[in-house]
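1. next come a sequence and a model predicted from it.
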Amino acid sequence: MSVIVEILASNPLTSAVYALRNGVFVVEQGVPEDLEVDEDDRGATHLAALSDGEVIGTLRIVHHERRAKIGRVAILASARKQGVGRELMERAAAIAFRDGADEIVLGAQLTARGFYQRLGYVEEGAPFDDAGILHVMMRKMLGRT
């Protein structure tokens, strides 16, 4: 089990988060480097999963009024299939709810949509290309009473 921390762009862990994202998206998946970091990163809430002080997973939450968009979900290759992604997503949902979101949306790589479905996300619309990788939009409503 990892420790999940919430960080802002000024946090010293930010460089490790970006390095992990670069390794996963640019090196492993061939996403052009100039597309990996964008303007949403500055205002996003970033989560980092730590194991023995090392960043082994990350994602970002971009808030749009009562909707949260999760993106840039990346897990270190050696830490995959160990529940880190699930821990990050559950924490992200709790933060989105805490911050007033009624729903979460995300663009899931087609190869990962089963992962998100198991977490309660529902597919919406046709697949689309994002940085040369097929994605599908997914949504999860957050319970408010």
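-> All right, it came through fine. Residues are numbered from 1 along each chain as shown.

2. where does residue 104 land in three-state SS?
-> Of the three states, residue 104 takes strand under DSSP: H, G, I helix; E, B strand; the rest coil.

3. that one touches residue 142, doesn't it?
-> Yes: under the criterion of Cβ atoms under 8 Å, residue 104 makes contact with residue 142 at 6.7 Å. (C-beta placed from N, C-alpha, C; glycine too.)

4. so the two - more neighbours on which side?
-> residue 104 (24 against 17; other Cβ atoms under 10 Å).

5. beta partners of that one?
-> On the basis of DSSP bridges, residue 104 is bridged to residue 68, residue 140.

6. on the pLDDT front, check it for me.
-> In the prediction, the pLDDT value recorded for residue 104 is 98.

7. kindly report the same for residue 8.
-> For residue 8, pLDDT reads 79.

8. who does residue 45 bridge with?
-> residue 61.

9. give the buried residues for the worst-scoring helix or strand of the chain on mean pLDDT.
-> When each helix and strand of the chain is scored by mean pLDDT, DSSP states H and E, helix 40-43 comes last, with a mean of 89. Judged by neighbour count (16 or more other Cβ atoms under 10 Å), helix 40-43 contains these buried residues: residue 41.

10. also stretch 76-88?
-> The neighbour-count check on stretch 76-88 (16+ other Cβ under 10 Å) flags 76, 79, 82, 84-85, 87-88 as buried.

11. just flag the most distant two among the residues you listed.
-> 76 and 87 (13.4 Å; Cβ to Cβ).

12. list residues touching both of the two?
-> Both residue 76 and residue 87 are contacted by residue 57, under the criterion Cβ atoms under 8 Å, 6 or more residues apart in numbering.

13. that'll do, ta.
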